[in-house]
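S.K.: Build me a model:
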Amino acid sequence: MNISDVINDIKLSLGLETIALPFNKPTEIVLQEIIQTSVRTFSQYKPWIREAFDSIKNLRSPDDFSKSMGIYILPETLTRTPVQYADAYLANSKYQDEEAAINAFTVGTPFVGFGSYYPQDILNANATGAAINKYAGVTSRPQTSKWLGFNKIQLFDFPKEAYVKFVAKCDHDPSLETIPISCRESFMELATLDVKRVLYNTLKNMNNVGSAFKEIQLRIDDWSGAEDARNALVEKWTNTFHLDEIDLIQFF
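M.R.: Down below sits the predicted model:
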């Protein structure tokens, strides 16, 4: 999608080409500012999914205490627009390949080197595996993360030299170019209602808007129901957006 095309389509559909709106700014600027509200709302239901890879040693922390708690700031490439939520996963790398080999020896085959199932052999194998894991800074526990908001995330049980894959749900770019073309009609419906709603609330109390008053008054009457229509649309999305989120679907 393209912000210029959206603005032109809305101007045409609402007949704004033929009337002079009583704003100090050009109509295009006014509409662009209104549409940014639509971008924020739309992003709640269909966020911009972004990914980034980085080594833990390259990540920044707010302070030393936060770093000791595994709290880091997301890579800058993810924070170009506001981040709603983020997860972190162990990424593939040369280091991770070595870790997998270590875990295959210490966890998957705890009896390697002994060739028997005697209790002492089991204890020796487990102790050896734990020591290797401790030395390498790895753990057999699964790596997890916790989103803290404000571009901060906490990592649990990640190896100190690990590479991390971040997956973030972000607001779409103000240019609208990150909104999929398959979502165009849904976004246009919301953006058109937002324009009607804001223009109605702005113009309805103006007593003198120049020679175009009569034409604008007719438009205002048509836009009076935009607030209710927008609320109904958002409610519908609230009740159905989870159908696109596989992680939110529960099977019984």
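S.K.: would you list every one of the strands in the protein?
M.R.: For the chain, applying DSSP state E gives strands covering 48-55, 71-73, 83-90, 144-149, 152-156, 163-170.
S.K.: What are the contacting residues of the fifth one?
M.R.: Right, the one you point to is strand 152-156. Under the contact criterion CB atoms under 8 Å, 6 or more residues apart in numbering, strand 152-156 has outside partners 56, 62, 66, 69-74, 86, 88, 143-148, 164, 166. In short, each C-beta sits where N, CA and C put it, glycine included.
S.K.: before we move on, back to that, okay, the strands of the chain in CSV with distance to residue 18, mean pLDDT and mean neighbour count next?
M.R.: Below are these laid out as CSV (distance: least, CB to CB, whole Å; pLDDT from 0 to 100; neighbours: other CB atoms under 10 Å):
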stretch, distance to residue 18, mean pLDDT, mean neighbour count
strand 48-55, 35, 96, 16
strand 71-73, 50, 98, 20
strand 83-90, 39, 97, 18
strand 144-149, 46, 97, 15
strand 152-156, 50, 97, 18
strand 163-170, 38, 97, 20
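S.K.: From residue 68, how far out is residue 183?
M.R.: Distance, residue 183 to residue 68, using CB to CB, to the nearest Å: 42 Å.
S.K.: And the two? Which one has more around it.
M.R.: Neighbour count, other CB atoms under 10 Å: between residue 183 and residue 68, residue 183 has more, with 14 against 9.
S.K.: so that one makes contact with residue 47?
M.R.: No. Counting by CB atoms under 8 Å, residue 183 does not reach residue 47; the two are 11.3 Å apart.
S.K.: mind putting the strands of the chain in TSV, distance to residue 226 included?
M.R.: As requested, the strands of the chain are exported to TSV (distance: least, CB to CB, whole Å):
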stretch	distance to residue 226
strand 48-55	26
strand 71-73	40
strand 83-90	26
strand 144-149	32
strand 152-156	38
strand 163-170	28
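S.K.: What's the local residue count around residue 237?
M.R.: Here the count is done by other CB under 10 Å, and residue 237 has 16 residues near it.
S.K.: I'd like the numbering to begin with 46 instead of 1 from here.
M.R.: That works, and once the first residue is 46, the last one we named lands at residue 282.
S.K.: which residues touch the closest residue to it other than its chain neighbours?
M.R.: Closest residue to residue 282 apart from its sequence neighbours, by CB to CB, 6 or more residues apart in numbering: residue 90 at 4.7 Å. Residues near residue 90 by CB under 8 Å, 6+ apart: 282, 283, 286.
S.K.: residue contacts, the last one?
M.R.: So that's residue 286. For residue 286, the contact set (CB under 8 Å, 6+ apart) comprises 90, 91.
S.K.: measure it to residue 232 for me?
M.R.: Distance of residue 286 to residue 232, computed by CB to CB: 14 Å.
S.K.: sorry, back to before: of all the strands of the chain, which one is nearest residue 250?
M.R.: Across those, residue 250 has its closest neighbour in strand 128-135 (34.9 Å, CB to CB).
S.K.: Report the strands that pair with the closest one, each with its relative direction.
M.R.: Counting by DSSP bridges, the strands paired with strand 128-135 are strand 208-215 (antiparallel).
S.K.: what separates the partner strand from the chain centre, distance-wise?
M.R.: 9 Å (CA atoms, centre = their mean, to the nearest Å).
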